[in-house]
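K.L.:
what follows is a predicted structure for the sequence shown.
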Amino acid sequence: VRLVESGGGFVQTGGSLRLSCAASDRIFSTYTMGWFRQAPGKERDFVALIHWESGTTYYTDSVKGRFTISRDIAKDTVYLQMNSLKPEDTAVYFCAADRWGSGAVLPVGYGYWGQGTQVTVSS
C-alpha cells in the first residue's frame with residue numbers, strides 16, 4: 001500500500017496543524033496505522049498509533065493531551081491533529097502502516113511508509 005502525507009507547514013508556538021495520510025489501497029481491519037517523526041540528526045521516533053478496526057489509540061507521553069490520531073475508514077485516511085505545538089515538535093512526520101496490527105512503537109514494526117511531511121514550529 002502506498003501512503004501519501006500532507007498538511008505539514010510552518011507555525012508559531014501554540015499553533016495547530018492537521019496532518020493527513022491517504023492510502024492508495026484499502027486499509028483492512030487488521031492494520032495498525034502509526035505516525036512517527038524524525039528531527040535532524042535524530043532517530044525516527046514514535047508519535048501515535050491507531051488500530052484500524054477498533055479505533056484504539058496510543059500516544060507517546062510528550063504529545064498526550066496535545067495530539068489526536070483519528071481515521072476515516074471510508075476514505076482510507078488517517079489524521080494527526082496537532083495542537084499547542086512546541087518548537088521541539090519540529091520534525092519530518094511520517095505515516096506508516098503495519099498490516100498485522102501488532103501495535104508496534106518501533107519503526108521496524110511497520111512495513112509501509114509515506115514520504116514524510118515537514119512540520120516546523122517557531123519559538
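P.N.:
Alright, I've got the coordinates. All figures in this text were calculated on a predicted structure; none of them were measured in a lab.
K.L.:
for residue 103, what are its contacts?
P.N.:
Taking Cβ atoms under 8 Å, 6 or more residues apart in numbering as the definition of contact, the neighbours of residue 103 are 32, 49, 51, 58. Any C-beta I mention is one placed from the backbone N, CA and C, and that applies to glycine too.
K.L.:
of those residues, just say which sits nearest to residue 100.
P.N.:
The shortest distance between residue 100 and any of those, using Cβ to Cβ, involves residue 32 and amounts to 7.9 Å.
K.L.:
quick one: pLDDT of the closest one?
P.N.:
Residue-level confidence at residue 32 comes out at 96, pLDDT.
K.L.:
on that earlier part again, now distance to residue 42 too, for the contacts of residue 103, in a markdown table please.
P.N.:
Formatted as a markdown table, those follow (distance: Cβ to Cβ, whole Å):
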| residue | distance to residue 42 |
| --- | --- |
| 32 | 23 |
| 49 | 20 |
| 51 | 27 |
| 58 | 21 |
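K.L.:
just the ones of those residues in strands?
P.N.:
32, 49, 51, 58 (DSSP state E).
K.L.:
ok, of those, which come out buried?
P.N.:
Burial by neighbour count, judged by 16 or more other Cβ atoms under 10 Å, picks out 32, 49, 51 from these.
K.L.:
leaving out the residues flanking it, which one is nearest to the last one?
P.N.:
Of all residues not flanking residue 51 in the chain, residue 32 sits nearest, at 5.4 Å (Cβ to Cβ, 6 or more residues apart in numbering).
K.L.:
likewise for residue 95?
P.N.:
The shortest distance from residue 95 to any residue other than its chain neighbours is 3.3 Å, reached at residue 21 (Cβ to Cβ, 6+ apart).
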